[in-house]
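Participant: this one's sequence-less:
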């Protein structure tokens with residue numbers, strides 16, 4: 001069992017940066033692949049980053065995912081934010097280290113809202 005808690009969201013202006021954090025409970029955290037997803041109103045949930053080496057096309061070059069297994073925490077550094085990045089951001093855990101499908105992630109946080117004004 002893994003519990004995930006995101007933090008760091010907020011209201012920013014276009015061009016600003018934010019860093020999201022996802023704190024995980026459980027001694028087996030390092031065995032799980034981690035991903036960041038987002039969901040905007042009226043849109044499907046989409047993958048943002050996975051394991052620090054896969055990024056969605058819309059965020060490549062602007063977002064960076066990192067992981068600290070000693071702190072059971074993953075991060076999402078978001079730079080040069082755009083209004084279209086506005087969404088609820090979720091971290092999630094999967095036993096499948098290659099998947100980008102939301103359905104393959106078995107543990108989810110509650111989400112944190114990111115709003116980017118123009």
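Facilitator: Thanks, I have the structure now. Keep in mind that what you see is a predicted model, and the values were worked out from it rather than measured.

Participant: contacts, neighbours, all on C-alpha from now
Facilitator: Noted.

Participant: Could you point out the helix or strand that follows the host helix or strand of residue 90?
Facilitator: Assessed by DSSP states H and E, residue 90 sits inside strand 87-94. Using DSSP H and E, the helix or strand that follows strand 87-94 in sequence is strand 107-108.

Participant: Run through the neighbouring helices and strands of that next one.
Facilitator: Using 3 or more C-alpha pairs under 8 Å, 6 or more residues apart in numbering; DSSP states H and E, the elements in contact with strand 107-108 are strand 87-94.

Participant: So for the strand it packs on, mean pLDDT?
Facilitator: Across strand 87-94, the average pLDDT comes to 97.

Participant: quick one, strands of the chain?
Facilitator: 4-7, 10-13, 18-24, 33-39, 46-50, 54-55, 63-68, 73-78, 87-94, 107-108, 112-117 (DSSP state E).

Participant: Report the beta-bridge partner residues of the nearest residue to residue 6 once chain neighbours are set aside.
Facilitator: Distances taken as C-alpha to C-alpha, 6 or more residues apart in numbering place residue 22 nearest to residue 6, at 4.3 Å, with adjacent residues excluded. Going by DSSP bridges, residue 22 is paired in beta bridges with residue 6, residue 74.

Participant: Tell me how far residue 22 lies from residue 29.
Facilitator: Residue 22 sits 12 Å away from residue 29 when distances are taken as C-alpha to C-alpha, to the nearest Å.

Participant: the more surrounded of those two?
Facilitator: Using other C-alpha atoms under 10 Å, the more surrounded residue of residue 22 and residue 29 is residue 22, with 24 against 20.

Participant: gap between that one and residue 114?
Facilitator: For residue 22 relative to residue 114 (C-alpha to C-alpha), the value is 14 Å.

Participant: between the strands of the chain, which gets nearest to residue 101?
Facilitator: The closest of those to residue 101 is strand 46-50. By C-alpha to C-alpha, the value is 7.5 Å.

Participant: Pull the contacting residues for the spatially most central residue of the chain.
Facilitator: Nearest residue to the geometric centre of the chain (C-alpha atoms, centre = their mean): residue 36, 2.5 Å. Residues near residue 36 by C-alpha atoms under 8 Å, 6 or more residues apart in numbering: 47, 48, 49, 50, 76, 89, 90, 91, 92.
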